[in-house]
Every structure is written in structure tokens, then in C-alpha cells.
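In: Build me a model from this:
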Amino acid sequence: MAILDARNDALRTNPPAGVQHLSSGGSDWLYAVTAIFGVTLLALFAHKFRARAGERFFHYLFIVATFVGLISYFAMASDLGWDLITQANRRSNGIDRQIFWPKYVFWVVAFPAIVIALGVLSGVAWATIFFNVFLSWIWIISYLVSAYTRTNYKWGFFAFGVLAHIFLALSTLQHGMRSATRVGIRRDYTMLSGYANFFWLIYPIAWGLSDGGNVIGVTGSMIWFGILDLLLVVGFALAVVFLSRRWDYGRLNIAFTQYGRVPVHTGTYPEKHSANAATIPPATRAAV
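Out: Okay, here's the model as predicted:
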């Protein structure tokens, strides 16, 4: 630990401020989380070359999510991307706390990635997927606005976020489950949706005790959120990539080509018919 502390001079280069602020140990932990996101990003990027063309959708989705996680946690580990917000509750009235906004940026990308993965896997309509994505954005942005509110009116924004969270949970657990049953993937969808919603359930508690109520210090909250983000995003991404090896992308209508999503009734790749298109006279092709 002494060697690690000697190498980590982030807090000397970017000094913290406020009564509640990030500690040197907290910075070390955040750099460890950064490293895990980096390793996961590289592993997903390398593994995508083993997937067949048209079956890399989930790889692309979580490469983006882990990339943003890498950047966000690097910023927080370096004690960057924060504002001092005066706390208003009775326990810590007038105390300034470092509020790190990069984690909210990460959630705005990572939560929709999970929502999109569940939606595409279950076969729900794109309208439902978009609806769920916007619910996740309402949830996280409400928490962000609440964290920056210096009075107890912050709990009103928190309540709006909780309501969006409830709507999202009902949609993924109920509507998504029915659709997953129709396409014959109920077991895997149950595991993945249950996994995501279990950890999502912990986020309001962690937020209420940290950026909301200032019961837990900045370092303690970073440890809690770091564990949650790793288990939720990295764990979910690896589970999806592992389980996807046994999925029939054509049957599930989640195979993609340069022409778009493969029709479920054919399950074939349009590129395979490109040779036939080449035999069509130029005049005919121009007319088409």
C-alpha cells in the first residue's frame, strides 16, 4: 500500500476541497476500478473478433459502456469532475461535500446499454426499448439534479427518479418477460433481468446515504458505487457475452447485417445473395 500511495499523487496535483472529500485511499480504490474497466474493455474488444459477422451487437454495446466507465472512473480517481455542494439535512447542515458528476455521465450511458440489451434480447418493440431508455435517463438525471440541489427540495427530484426506476423495473420484469417467453429465451432473460434489477434496487439506497443524505463520506460512497458499477456493468456484460454463444440470433431476430436487422422469417444474411445481384443487368439495377 505504501508503494501505491507513493505512486499516486493525484490528490497533490488536484487537491480536494470541502469537509467531505475524496481521500488518498479512495483515489487508490478508484484507480483499481479504472483498471478493471480497462481490462474488461480490452477483453470485450478482443473477443468480438471471435463472434460471427452480424453477432457482435452486444460486444459493441458494452465496449461503449465500459469505455465510458474507464474514462469516468479515471476522472474521479484523479480528483477531477466535482463541485462543492452545501448539504442541507439536519445531520450535516452547512457542510460542503464533493459531488462527482462523472459517475452520473457513466450511468447515463451504462444503464441504457443494459436496457437496450434486455430489450433486444426479449424481442420487445423498438418503441418499448426507447421508452425504457428514456426512463433510465429520467432516473439518473433526477438524481443528478437532486445531488446539486442545496436544500431539502432535493428529495422531490429523488422521488421523481425513484418513480422512473419503478416504471423501468416493471417494464423489464413484466413486459420483457412476456416477450422473452414468446421467443423461447425466458430462462436466460429471467437471469439477466433479475441480475440487473437486483443491483438497480441498491442504487437508490446507496445514493440516499451518500450524495443525498451525506450519511456516508465521499470515499465510502466511492467504494460502494465502485462495487455496484463493477458487479452491474462488468458482470452483466460478461454474462451476456458468455450466454450469447448459445443463442440463435436468426430465431431471436437480433442478427444484424449491413442491410439492417435480419428478418426473423428468413433468418438469412442478405450479403449471401450479393452474387445474384451482381448478375442483374445495370439498367435493371438502376431501375430498382
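In: ok, residue 205 to residue 218 distance?
Out: Applying C-beta to C-beta, to the nearest Å, the value for residue 205 to residue 218 is 17 Å. Glycine gets a C-beta too; all of them are placed from N, C-alpha and C.
In: ignore the last one, residue 186
Out: Computed as C-beta to C-beta, the residue 186 to residue 218 distance reads 42 Å.
In: before we move on, what about residue 151?
Out: Distance from residue 151 to residue 218, by C-beta to C-beta: 20 Å.
In: which one of these two has more residues nearby?
Out: Neighbours were counted for residue 151 and for residue 218 using other C-beta atoms under 10 Å; residue 218 has more, 24 against 10.
In: got a list of what that one touches?
Out: Counting by C-beta atoms under 8 Å, 6 or more residues apart in numbering, residue 218 makes contact with 20, 21, 22, 23, 26, 97, 98, 100, 210.
In: Need the max-distance pair from these.
Out: 23 and 210 (14.3 Å; C-beta to C-beta).
In: The stretch 51-200 of the chain: helices as residue ranges?
Out: Ranges of helices in the stretch 51-200 of the chain, per DSSP state H, counting those that start in this stretch, are 57-77, 102-122, 126-147, 154-170, 176-182, 186-207.
In: what's the second one packed up against?
Out: Counting contacts by 3 or more C-beta pairs under 8 Å, 6 or more residues apart in numbering; DSSP states H and E, the secondary-structure elements packed against helix 102-122 are helix 57-77, helix 126-147, helix 176-182, helix 186-207, helix 218-229, helix 235-243.
In: tell me the average confidence for the last one?
Out: It refers to helix 235-243. Helix 235-243 shows a mean pLDDT of 94 in the predicted model.
In: Next: the shortest one.
Out: Taken as a whole, helix 176-182 carries a mean pLDDT of 86.
In: same question, the fifth one
Out: The predicted model gives helix 218-229 an average pLDDT of 97.
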